[in-house]
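Visitor: The following comprises the amino acid sequence and a computationally predicted model.
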Amino acid sequence: MEKNNIAAQLLNIGAVQISPQKFFTWTSGLKSPIYCDNRLTMSYPKVRNEIIDAFVYYINQLEEPVDMIAGCATAGIPHAAWVADRLNLPMVYVRSEAKKHGKGNQIEGDLTQGENVIVIEDLISTGKSSIASSEAIRDSGKQVVEVLSIFNYDLQVAKEAFEKKGYRTHSLATYNELIKIMRENNELNTEDYNKLKQWRDQPNMFT
């Protein structure tokens with residue numbers, strides 16, 4: 001499964017939108033020329049299956065044993081469920097924080113069913129949510145084999161954050177691949193292409 005194909009599919013269904021002239025505003029307040037909503041992939045069986053195929057293929061190539069799949073709430077949950085089902089593995093999902101009622105769980109499901117866990121997230125921007133989920137699993141005494149995502153914004157802050165915590169990551173599609181595809185298809189002129197690369201390297205200068 002070629003990574004570029006996933007990136008192209010995300011563009012085709014509008015899960016990824018690029019706007020070099022009018023930036024989007026993320027929840028964090030960061031101004032960005034790209035907006036990614038991978039929840040749309042749930043509604044496209046062909047794209048959804050290609051994503052699951054790619055995740056499963058990658059997991060099957062790992063040298064480390066994997067005996068549980070964990071989804072990050074909320075957008076990572078459906079993809080984690082499909083992957084777990086395909087691999088016939090137990091699954092849990094991880095909330096951004098522990099519930100303030102009931103049993104106060106942050107991890108839902110039976111974590112005792114596995115030791116070596118793959119964490120699945122829909123996208124990685126700064127890495128904070130994925131790392132928080134991974135830390136919750138690690139704090140529970142389990143091993144996080146790798147953090148997988150559908151898309152990665154390729155921001156240096158995320159790379160450094162994962163390296164600092166010691167988590168390996170793999171993404172099916174990346175910002176770099178995406179803008180390369182668009183440039184090759186003449187969907188970006190030179191000025192916009194350079195602006196998109198500048199944002200990747202210095203995102204805070206546009207805020």
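Guide: All right, it came through fine. Numbers count the residues shown, from 1 in each chain.
Visitor: Only C-alpha atoms from now on, for both contacts and neighbour counts.
Guide: Noted.
Visitor: number of nearby residues for residue 95?
Guide: By other Cα atoms under 10 Å, the residues close to residue 95 number 18.
Visitor: ugh, typo on my part, it should be residue 56
Guide: Neighbours of residue 56 under the rule other Cα under 10 Å: 16.
Visitor: Next up, the contacts around it.
Guide: By Cα atoms under 8 Å, 6 or more residues apart in numbering, the contact list for residue 56 reads 83, 86, 87.
Visitor: among the residues you listed, who's most crowded?
Guide: Most surrounded of the contacts of residue 56: other Cα under 10 Å gives residue 83, at 25 neighbours.
Visitor: helix or strand for that one, which one?
Guide: helix 77-87 (DSSP states H and E).
Visitor: Can you tell me what sits against that helix?
Guide: So helix 77-87 is contacted by 42, 52, 55-56, 68-71, 90-91, 93, 120-122 (Cα under 8 Å, 6+ apart).
Visitor: In this structure, where is pLDDT below threshold?
Guide: Low-confidence segments of the chain (pLDDT under 70): 1-3, 98-104, 207.
Visitor: State which helix of it is the longest.
Guide: For the chain, the longest helix by residue count, based on DSSP state H, is helix 45-61.
Visitor: Next secondary structure after that one?
Guide: Using DSSP H and E, the first helix or strand after helix 45-61 is strand 68-72.
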